[in-house]
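A.B. asks: what follows is a predicted structure for the sequence shown.
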Amino acid sequence: MGNVLAPVLNLQRPLRRQEPLTNPGSFDELHRKCKEVFPQQMEGVKLILNRYLNKHFQVSHTVHMSTVGQSSYHFHTTYVGDRQLSPTETFPMLVGDMDSCGSLNAQVLHLVAERIRTKAVFQTQQARFVTWQFSGELRGDDYTATLTLSNPDMLSQSVIVVAHFLQSVTSRLVLGGEMLYHRRPGEEGAIVTLAGKYTARKWVATLNIGYGGAHASYYHKANEQVQVGVELEANTRLQDTTFAFGYQFNLPPANVVFRGECGAGPAPTRAGGQFLHPWIRSEPVPSEGKSPVTLIP
């Protein structure tokens, strides 16, 4: 009887296709997905008049009538350039806002190179400068590095330096940290904070933890109509903890979005809601010279 040679079967498992790593975004936007569920905090009545002078330049007038604090008027201007990276990112961008007291808030954003972004922030309180801040951000294929210099003063030898770094470890996991260094006469110190974000198909969990406290958030998309978010902040220095639960209901047939929140902390439990309608909130660029009006109760 001859030998029978059986064919050797290749039992190796097929290689798993790895998803390419993407840029993790900015450190300041780690909790953005959860915060978008919460309504805008405002009391009283706000009247906004927008005027688009052309496709680059826009001005707006805002009157805020408050029942608690002082009513105010703001004049806001925005200039955007021609280089658009996404629907929400256009460079260069210049933004200015001045209130009825003469205080000014101004920002300048510029794309120096394909991966390098710069930002300058200036803030005055009437005739006195209170904030001047400069930052540079480098965005790689799977990482983001940011360096910020705030209120540098060579005479008093005071400065605040903040460094951020985020790295996409996997297609779902982002890890990074923040180092804040501050110096002023008689005081010098540094605070380190670690951060992580995990993104699943329908939920996002984010955690910042360091010497000064912790900040955790959780976002969940139940379906196309319902989204919820939970946020917890603890400050070890102030011995303060706050908790907030936010929700968003989309009603496509009525073209209405309802947002609300309730929370607990040192302040009494709060709850609120907000109705947004496309013709109230959406502001597409109209023909030159048209002035849409927005009324937010």
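C.D. replies: Now that the structure is in, tell me what you want to look at. Numbering: from 1, shown residues only.
A.B. asks: make it CA atoms for all contacts and neighbour counts henceforth
C.D. replies: Fine.
A.B. asks: now the most centrally placed residue in the chain. Its backbone dihedrals?
C.D. replies: Centroid-nearest residue in the chain, with CA atoms, centre = their mean: Glu29, separated by 4.2 Å. Dihedral pair for Glu29: phi -100, psi 20, per degrees, to the nearest 10.
A.B. asks: spit out the contact partners of it.
C.D. replies: Residues in contact with Glu29 (CA atoms under 8 Å, 6 or more residues apart in numbering): none are found.
A.B. asks: tell me how far it lies from Ile48.
C.D. replies: 27 Å (CA to CA, to the nearest Å).
A.B. asks: could you give the number of residues near the nearest residue to Gln248 once chain neighbours are set aside?
C.D. replies: Closest residue to Gln248 apart from its sequence neighbours, by CA to CA, 6 or more residues apart in numbering: Arg259 at 4.4 Å. Residues contacting Arg259 under the criterion other CA atoms under 10 Å number 21.
A.B. asks: please enumerate the helices of the stretch 1-150 of the chain.
C.D. replies: Applying DSSP state H, counting those that start in this stretch to the stretch 1-150 of the chain gives helices spanning 32-35.
A.B. asks: touching, Phe243 and Asn235? I think so.
C.D. replies: No - contact criterion CA atoms under 8 Å: Phe243 and Asn235 do not qualify, at 12.0 Å.
A.B. asks: stretch 109-129 - what's its average pLDDT?
C.D. replies: Averaged over stretch 109-129, pLDDT sits at 92.
A.B. asks: what is the end-to-end distance of it?
C.D. replies: End-to-end for stretch 109-129, by CA to CA: 20 Å.
A.B. asks: check stretch 27-35 too.
C.D. replies: 14 Å.
A.B. asks: and stretch 220-237, by the same measure?
C.D. replies: End-to-end distance (CA to CA), stretch 220-237: 30 Å.
A.B. asks: and it, what's its mean pLDDT?
C.D. replies: Per-residue scores along stretch 220-237 average to 93.
A.B. asks: and for stretch 263-280?
C.D. replies: pLDDT averaged over stretch 263-280 gives 53.
A.B. asks: give me the helices and strands touching the longest strand seen in the chain, please.
C.D. replies: For the chain, the longest strand by residue count, based on DSSP state E, is strand 72-86. For strand 72-86, the packing partners by 3 or more CA pairs under 8 Å, 6 or more residues apart in numbering; DSSP states H and E come out as strand 57-65, strand 89-99.
A.B. asks: flag every buried residue along the longest one.
C.D. replies: Burial within strand 89-99, assessed by neighbour count using 16 or more other CA atoms under 10 Å, is assigned to 90-99.
A.B. asks: and these, which is the shakiest by pLDDT?
C.D. replies: When the buried residues of strand 89-99 are compared, the smallest pLDDT is that of Thr90, 88.
A.B. asks: contacting residues around that residue?
C.D. replies: With CA under 8 Å, 6+ apart, Thr90 has these contacts: 80-84.
A.B. asks: mind running it again at 6 Å?
C.D. replies: Taking CA atoms under 6 Å, 6 or more residues apart in numbering, we find Thr90 in contact with 83-84.
A.B. asks: give me the low-pLDDT residue ranges for the stretch 1-150 of the chain?
C.D. replies: 1-18 (pLDDT under 70).
A.B. asks: kindly recompute the last result at 80.
C.D. replies: 1-19, 41-43 (pLDDT under 80).
A.B. asks: which helix or which strand is home to the nearest residue to Gln225 once chain neighbours are set aside?
C.D. replies: Distances taken as CA to CA, 6+ apart place Asn250 nearest to Gln225, at 4.6 Å, with adjacent residues excluded. Here Asn250, judged by DSSP states H and E, is contained in strand 240-251.
A.B. asks: in that strand, what's buried?
C.D. replies: Buried, per 16+ other CA under 10 Å, within strand 240-251: 241, 243-250.
A.B. asks: quick check, nearest of these to Asn151?
C.D. replies: Thr241 (28.9 Å; CA to CA).
A.B. asks: dig out what that closest one forms beta bridges with.
C.D. replies: Beta-bridge pairing for Thr241 (DSSP bridges): Ala234.
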